[in-house]
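J.: Give me coordinates for this.
(2 chains)
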Amino acid sequence: MTAETIHIEFQVEGGNFSRAGYPSSEVKKRLKQLNVDGSVIKRTVVALYEAEVNIVAHAYRGLISVDIDEHKILIRLTDEGPGIPDIKKAMEIGYSTATPEVREMGFGAGMGLSNMNSNADRLEITSKVGQGTTVEIVNFFHK
Amino acid sequence: MESDNTIFFHHALKFRDDICIGCSHCMNICPTEAIRVAHGKAQLHANRCVDCGECYRVCPVGAIIVEQDDFENIYKFKTRVALIPAVFTGQFPDSVSPGEILQAVLELGFTHVFEVEEGVEFLNDRFNEYFRSHNPVRPLISPFCPAIVRLIQVKFPTLTGNIILLKAPVDITALHARQALADQGADPSETGIFYVTPCAAKIVAVKSPVGEDKSVIDGVINMNYLYNKVFKILRLKKKKEENSDSTSLTGKSVCWSLTHGEADHMDQGRSLAIDEINNVIEFLEKVENDEIDGIDFLELRACDESCAGGILCPGNRFMTVDKLRKRAFRHDKIRHGQSGEPGSGETHAIGLLPEQIRLEKVQPRSIMKLDDNVAEAMIKLKRIYELNRVLPQVDCGICGSPTCKSLSEDVVQNQADIRQCIFVQKILEQNEKLDIQESVRIMQTIWSENKLDKNSLKDEINDIN
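T.: Numbers count the residues shown, from 1 in each chain, chains lettered A, B, ... in the order given. Below you'll find the predicted structure:
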């Protein structure tokens, strides 16, 4: 018997904050069905939500692809957007390039990437300025 | 889903097969998908039910009943205490004062009456201390509504750690009453404390509490039952001279069980009050995703208009709220007017120790998990995906499960047959994979022979045609 895996995809529309959170809810539902530990679920949805909001806030559009096997969840978020010129700086707590409009809506406080980092077992960010950013989050079900 | 290691959960809501007509209204309204229809009767999945009582509201024939203790049980005790929640006083006409209502309760056979909310001022102070000593955990969630505590256990297991581990006002007042009466010389073993409940969830909180081994309350009396008895006494009485409110509750305490009762009195941070169970579910979904920022306290109640909307309250919930708010206003006016300083003429001083009012950790008990083993659960989840590609997603309930999704879950847990879906049946019949007799038999196992008896219904149906 080959090990089962589950694959889900979500389209993300830049600028549409009202829809943000749907992928997190869907992924959360699956992880609960799989009896994944509550603390892992929490970390995963927080990291995913932050990453999704980053696409909504900064990019034109994006794709979230989720792969779950019995040991881990891998989330890959690819966007078409401005990219991040200095990833290291972007990871600093409080650093933000969000527009005043975005901040007005309660987003863009500069906690996003650092929050993602602390809620992911593995976080990889690659970016090309003027093209887009790819974020990869991996969380393991058992430590 | 119920699996092999099902633990029995006590419920106050009972389904009477002899009355149930198998209409499925309860199945469709249940917020935790705890009801199925089989053999023409509603079936309760005990480990999914949170005793919110939504099913009780919609049952058209009264087949769902709320268990209660025999009223005569009070006579097993020499000292008989009635714990009356403020919403009870809001059930009666304006012309009846709370003092008269409590007096009538005494005349029914109790030796003492305490209002449940006498413990509120004490508890409010403990809440505020709790805030300071549990700093990073936010939002803290009130443990007030037992249906909400159970909802979090089964549907939002990651949030069980946010529940404030302090007892509800009813338990605090019960402890206080027991202590106060013992101080007056009453034998604790001969003191019986009976709580008059507005809902089913509070009954379960007494009969099988979460976070404590045994409740301090000896019995429960349903509010509608007591209402009838009290109403009879009041009717027989001639109008007496003006009776005052004759209670020492603060206005805050009177309104504690109403929506915003708790949230408006947390001394720090930002508090929200949300009532009605589907509103609560929608909000907790977002809290769990960390989408909600900067909320320190959540007052969550399963009923619309909180306890005024309890399923055992005979009065109209909006009228009850209005009456209690007016009562609260009167109390505060009297208290301030008489002494000139707020807070004096205090409710009975309550001297309970921290360990007496603390709850044990609330354990999650997820109903979402498909299997304890991740790999097994993965196989089942895959199968659910496949099944849902076949199912029509119209959530008609004809299969005896509330939604297509829940049927697919029941199928992978071997609790249902995919051929219970009427769409699947039609397709199989077209493809000559299912004959009509077999599909009728399947329908009969869900809805009973009566609803599909071709002989007894033949003429009538043919006439309609």
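
J.: Tell me where the model's unsure across chain B.
T.: By pLDDT under 70, the low-scoring segments of chain B are B:1-8, B:238-247, B:337-348, B:465.

J.: who in it is up against chain A?
T.: Applying Cβ under 8 Å from any Cβ of the partner chain, we find that chain B lies next to chain A at B:157-158, B:160, B:285-286, B:288-291, B:293, B:364, B:366, B:368-375, B:377-382, B:384-385. In short, each C-beta sits where N, CA and C put it, glycine included.

J.: I'd like the distance between the residue most central in space within chain A and chain B.
T.: Among the residues of chain A, the one closest to the centroid is residue A:51, at 2.7 Å (Cα atoms, centre = their mean). Residue A:51 is 12 Å from chain B, where distance means Cβ to the nearest Cβ, to the nearest Å.

J.: How about stretch B:257-265, which residues are buried there?
T.: Of the residues in stretch B:257-265, B:257, B:258, B:259, B:260, B:261, B:262, B:263, B:265 count as buried by neighbour count, 16 or more other Cβ atoms under 10 Å in any protein chain shown.

J.: Sorry, slip of the keys, the one I care about is stretch B:108-126.
T.: B:108, B:110-124, B:126.

J.: just checking, which of the residues of chain B next to chain A belong to helices?
T.: In helices, defined here by DSSP state H, the members of those are B:285-286, B:288, B:374-375, B:377-382, B:384-385.

J.: Which residue ranges of chain A form helices?
T.: For chain A, helices defined by DSSP H occupy the ranges A:22-33, A:38-58, A:87-90, A:100-104, A:112-118.

J.: CA-only coordinates of the first one, as PDB, when you get a sec.
T.: The C-alpha trace of helix A:22-33 is given here as PDB (Å, rounded to 0.1, in the frame of the first residue of the first chain):
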ATOM      1  CA  TYR A  22     -10.600  30.800   3.800                       C
ATOM      2  CA  PRO A  23      -7.500  28.600   3.000                       C
ATOM      3  CA  SER A  24      -6.600  28.600   6.700                       C
ATOM      4  CA  SER A  25     -10.100  27.400   7.700                       C
ATOM      5  CA  GLU A  26     -10.100  24.700   5.000                       C
ATOM      6  CA  VAL A  27      -6.600  23.400   5.900                       C
ATOM      7  CA  LYS A  28      -7.500  23.500   9.600                       C
ATOM      8  CA  LYS A  29     -10.600  21.400   9.000                       C
ATOM      9  CA  ARG A  30      -8.500  18.700   7.200                       C
ATOM     10  CA  LEU A  31      -5.800  18.700  10.000                       C
ATOM     11  CA  LYS A  32      -8.500  18.200  12.600                       C
ATOM     12  CA  GLN A  33     -10.000  15.300  10.700                       C
END
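
J.: what's next to it, contact-wise?
T.: A:6, A:8, A:10, A:12, A:40-41, A:44-45, A:48-49, A:52, A:64, A:66, A:68, A:73, A:75, B:157, B:285, B:288-289, B:291, B:366, B:368-370, B:377, B:380-381, B:384 (Cβ atoms under 8 Å, 6 or more residues apart in numbering or on different chains).

J.: ok, of those, which come out buried?
T.: For the contacts of helix A:22-33, a burial check counting by 16+ other Cβ under 10 Å picks out A:6, A:10, A:12, A:40-41, A:44-45, A:48-49, A:52, A:64, A:66, A:68, A:73, A:75, B:157, B:285, B:288-289, B:291, B:366, B:368-370, B:377, B:380-381, B:384.
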